[in-house]
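J.: structure, please.
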Amino acid sequence: MEVSGEFTASLTSSSSTDEVFNVYFKGLVCGETVSIRICDTSYRCLYELRISSLFDAGDLVELQALMEALNVAVNLGLKRVAIFCRSNLVYQYLKGKRQPTSNKVTTLVDQVNLIRSKFVYQALFHMKRNYMKFVYRLIAKWTNSDSYFTIIEQCTICFEYIHNDQIYTVHKCLHRYCFSCMRQHVEAKLLQGKLPECPHEKCESKIGIDSCKKFLNPELYDIMRLRVKEASILPKDRVYCPFSKCSAFMSKTEVIAHTPSSSSTAAGDTGMRRCVECNRLFCINCKVPWHDDMTCSGYMKSYVFQSSNDAKLKSLATKERWRECINCKNLVELTSGCYHIECRCGYQFCYTCGAEWLDKKQTCGCRLWDEHNIIYA
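T.: Predicted structure coming up:
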């Protein structure tokens, strides 16, 4: 990995060429990460890095951690290092007292020794458990009191090395990703009409809206607030203002409360409602602006509707063979894939005939695939 020139210059100017820097490293198989620390002789931590592990065996993970640590030291321009090994097995490999039994370990040992040869001075030590605890306590003390300390971490999505303050932690599962990757992930899910979950494979931890303020712009944050509100209301109770310049989302309870009490009888009988945002009247039954002195069926046949944008949209939907979700009335277009549709409201149905899917199973006899809808890579 490469280290910023600004940090390298700062470190070089603050240390003498004869100073020996301590290199600590450890691999965590269970956490799928490796961690390194480079400190001066006062145990002041000058550099820390956490990245994802490439291996699942203890000695391989430890050797990867050491390789990363030594590469950082080289890029920082350090000439003299003291290397402290936690693993006695790795220590014996590097001292030549024991020969590796696998080709992978042999390759990594050779690579580590090659990097070691780049230093003017390097010494190797086996760090006992008690000493290791003592060292990390001293490092933690410096971490809490010294501004010179910096943490770099590798995002496991883009594999870029990111400063710790630009890393987002999912609250429940503690998976960590950079702000840029999280922003793209959350935006994609929001535009699909879904609430985002942790990007980690098979992880279903929800992403809290308040914590997203760190990386979402105001526009995306407002969309996420809307999605959270939508998720809290049953699909059958969701209402959207039909006026194109408003499109406010409401619950049926909110709409009824906002409709004038003097019109409550008419509202109950005819479906007249008032938008909580723009205050204009609309029909909750046919989802159009309010049609006074006209039934829903009469309005649909009238010139007013036939010349409206709603009628043009329905005509376009018929022409393009779009389907209307019978649960929330949203239009759905199939661009690729199978005929099994899951609407943003959660309702699942067959795109061909509209029959509902129950328990993720088809209830009609329509075919599921059409080769014309398959996208080939």
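
J.: quick one: buried residues of the strand or helix carrying Tyr221?
T.: Using DSSP states H and E, Tyr221 sits in helix 218-231. Neighbour-count burial for helix 218-231 flags 220-221, 223-224, 227, 230 (criterion: 16 or more other C-beta atoms under 10 Å). Backbone N, C-alpha and C define where each C-beta goes, glycine included.

J.: is the nearest residue to Lys236 once chain neighbours are set aside within a helix or a strand, and which one?
T.: For Lys236, ignoring the flanking residues on the chain, the nearest one in space by C-beta to C-beta, 6 or more residues apart in numbering is Asn327 at 7.1 Å. For Asn327, there is no enclosing helix or strand under DSSP H and E.

J.: contacts only, for Asn327.
T.: Going by C-beta atoms under 8 Å, 6 or more residues apart in numbering, Asn327 touches 235-236, 343, 345-347.

J.: of these, just the buried ones, ChimeraX syntax please.
T.: Restricted to buried positions by 16+ other C-beta under 10 Å, the ChimeraX selection for these reads:
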select :343,345,347
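
J.: output the contacts of Asn327 as a markdown table; include the columns pLDDT.
T.: Formatted as a markdown table, the contacts of Asn327 follow (pLDDT from 0 to 100):
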| residue | pLDDT |
| --- | --- |
| Pro235 | 77 |
| Lys236 | 78 |
| Cys343 | 83 |
| Cys345 | 73 |
| Gly346 | 75 |
| Tyr347 | 84 |
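
J.: next, the residue nearest to Lys236: phi, psi?
T.: phi -80, psi -50 (degrees, to the nearest 10).

J.: same check on Glu320?
T.: According to degrees, to the nearest 10, Glu320 has phi -90, psi 0.

J.: and the one 4 residues further on, by the same measure?
T.: Listed backbone geometry of Glu324 is phi -100, psi 130, with angles given as degrees, to the nearest 10.

J.: that one - how many residues pack around it?
T.: 15 (other C-beta atoms under 10 Å).

J.: begin at 29, not 1, for the rest of this chat.
T.: Sure, I'll start numbering at 29, so the last one becomes Glu352.

J.: quick one: contacts for it?
T.: Glu352 is in contact with 345, 358-360, counting by C-beta under 8 Å, 6+ apart.

J.: now with 10 Å?
T.: 342, 345, 358-360, 371, 377, 382 (C-beta atoms under 10 Å, 6 or more residues apart in numbering).

J.: list the buried residues of the strand or helix carrying Leu88.
T.: Under the criterion of DSSP H and E, Leu88 resides in helix 86-103. For helix 86-103, the neighbour count (16+ other C-beta under 10 Å) marks 87-101 as buried.

J.: mind saving the C-alpha coords of that helix as PDB?
T.: Output of helix 86-103 as PDB, limited to C-alpha atoms (Å, rounded to 0.1, in the frame of the first residue of the first chain):
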ATOM      1  CA  GLY A  86      -3.500 -18.500  11.700                       C
ATOM      2  CA  ASP A  87       0.100 -18.500  10.400                       C
ATOM      3  CA  LEU A  88      -1.000 -17.300   7.000                       C
ATOM      4  CA  VAL A  89      -2.900 -14.400   8.500                       C
ATOM      5  CA  GLU A  90       0.000 -13.500  10.800                       C
ATOM      6  CA  LEU A  91       2.400 -13.400   7.900                       C
ATOM      7  CA  GLN A  92       0.000 -11.300   5.800                       C
ATOM      8  CA  ALA A  93      -0.200  -8.800   8.700                       C
ATOM      9  CA  LEU A  94       3.600  -8.700   8.900                       C
ATOM     10  CA  MET A  95       4.000  -8.100   5.200                       C
ATOM     11  CA  GLU A  96       1.500  -5.200   5.300                       C
ATOM     12  CA  ALA A  97       3.400  -3.700   8.300                       C
ATOM     13  CA  LEU A  98       6.800  -3.900   6.700                       C
ATOM     14  CA  ASN A  99       5.500  -2.500   3.400                       C
ATOM     15  CA  VAL A 100       4.100   0.500   5.400                       C
ATOM     16  CA  ALA A 101       7.400   1.000   7.100                       C
ATOM     17  CA  VAL A 102       9.200   1.000   3.800                       C
ATOM     18  CA  ASN A 103       6.800   3.500   2.300                       C
END
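
J.: tell me what it is packed against?
T.: Other helices and strands packing on helix 86-103, by 3 or more C-beta pairs under 10 Å, 6 or more residues apart in numbering; DSSP states H and E, are helix 33-41, strand 49-56, strand 61-67, strand 73-80, strand 108-113, helix 116-123, helix 131-144.

J.: run the chain-centre distance for it.
T.: Put simply, helix 86-103 sits 28 Å off its chain's centre (C-alpha atoms, centre = their mean, to the nearest Å).

J.: closest to His213 among the contacts of Glu352?
T.: Lowest distance from His213 to the contacts of Glu352 (C-beta to C-beta) belongs to Cys371, with 21.6 Å.

J.: so the closest one touches Leu362, yeah?
T.: No. Contact between Cys371 and Leu362 fails when scored by C-beta atoms under 10 Å: they sit 11.9 Å apart.
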